[in-house]
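Enquirer: model the following, please.
(2 chains)
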Amino acid sequence: GENVEQHPSTLSVQEGDSAVIKCTYSDSASNYFPWYKQELGKRPQLIIDIRSNVGEKKDQRIAVTLNKTAKHFSLHITETQPEDSAVYFCAAGVPNRDDKIIFGKGTRLHILP
Amino acid sequence: SQTIHQWPATLVQPVGSPLSLECTVEGTSNPNLYWYRQAAGRGLQLLFYSVGIGQISSEVPQNLSASRPQDRQFILSSKKLLLSDSGFYLCACLKQGNEKLFFGSGTQLSVL
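Expert: You can find the predicted model right below:
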């Protein structure tokens, strides 16, 4: 089955700098890669996703890149702001096959003033 | 868009007591439904998923069970809770043809 590794587990960046979170996956058949943001005590919220037919996707300050050959994908947050502080999860799966989506262990992002 | 109802928001139960958490979905039909558990400060562990009524796949052997008696209803149960069952339980829904996974508001379960 799918296994998703996420690094780093904790990340501190100065406000205004960029943050990068990296994930690798094991199942070459995976074709859907979402990213979630979770604030303390709340549900994970989908912030961006990418499918295997696309190498990069951008939404304002957030971008995701995918390298299918290497089986890794990354989240990039530019011009970080205090409200970006949260736990971020990557995930991978094949929703139309076995319908499972497997998550990484999360990255706690701290934006320093 | 679909709405996921999950209750209760908070639950405190003694060890050995039964558990029933309910999740219902509105605004979609024949969704894929999921139960995830999140231990304090940890990641999202997939417990069960269902692609249709009566169809349950278990990811982790444990004292929990799941049922899907109706298309838009997913129930997580236990006959006897353990201390290790404490955590944040999240129901999630994947709309057919959409491939986006959305979460309910979660239940914080404390087993004492």
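Enquirer: show me the contacts for residue B:104.
Expert: The contact partners of residue B:104, taken as Cβ atoms under 8 Å, 6 or more residues apart in numbering or on different chains, are A:43, B:4, B:5, B:6, B:23, B:90, B:91, B:92, B:93. All C-beta atoms are positioned from the backbone trio N, CA, C, and that covers glycine.
Enquirer: what's the answer for residue A:108, then?
Expert: Neighbours of residue A:108 in contact, by Cβ under 8 Å, 6+ apart: A:9, A:10, A:11, A:86, A:87.
Enquirer: can you tell me how far the second one is from residue B:41?
Expert: If I follow you right, that is residue A:10. Distance from residue A:10 to residue B:41, counting by Cβ to Cβ, to the nearest Å: 11 Å.
Enquirer: list the contacts of the residue nearest to residue A:20 when sequence neighbours are not counted.
Expert: The spatial neighbour of residue A:20 that comes closest, neighbours along the chain excluded (Cβ to Cβ, 6 or more residues apart in numbering or on different chains), is residue A:76 at 5.4 Å. With contact taken as Cβ under 8 Å, 6+ apart, residue A:76 is in contact with A:18, A:19, A:20, A:62, A:63, A:64, A:65.
Enquirer: swap in residue A:56?
Expert: Contacts here follow Cβ under 8 Å, 6+ apart; on that basis residue A:56 touches A:50, A:63, A:64, A:65, A:66.
Enquirer: count the residues that sit near the third one.
Expert: What that stands for is residue A:64. When counting by other Cβ atoms under 10 Å in any protein chain shown, one arrives at 24 neighbours for residue A:64.
Enquirer: pLDDT check: weakest of the contacts of residue A:56?
Expert: Checked by pLDDT, the contacts of residue A:56 have residue A:50 as the lowest-scoring entry (93).
Enquirer: from residue B:50, how far out is that residue?
Expert: In this view, residue A:50 and residue B:50 are 26 Å apart by Cβ to Cβ.
Enquirer: and for residue B:106?
Expert: As judged by Cβ to Cβ, residue B:106 and residue B:50 stand 18 Å apart.
Enquirer: and the residue nearest to residue A:20, that's in a strand?
Expert: Yes. Looking at residue A:76 with DSSP: H, G, I helix; E, B strand; the rest coil, it is inside a strand.
Enquirer: partner residues bridging it?
Expert: For residue A:76, the beta-bridge partners under DSSP bridges are residue A:20, residue A:63.
Enquirer: how close does it sit to residue B:12?
Expert: Distance of residue A:76 to residue B:12, computed by Cβ to Cβ: 41 Å.
Enquirer: how about the strands in chain A?
Expert: With DSSP state E, the ranges of strands along chain A come out as A:4-7, A:10-14, A:19-25, A:32-38, A:45-51, A:56-59, A:62-67, A:72-77, A:86-93, A:101-103, A:107-112.
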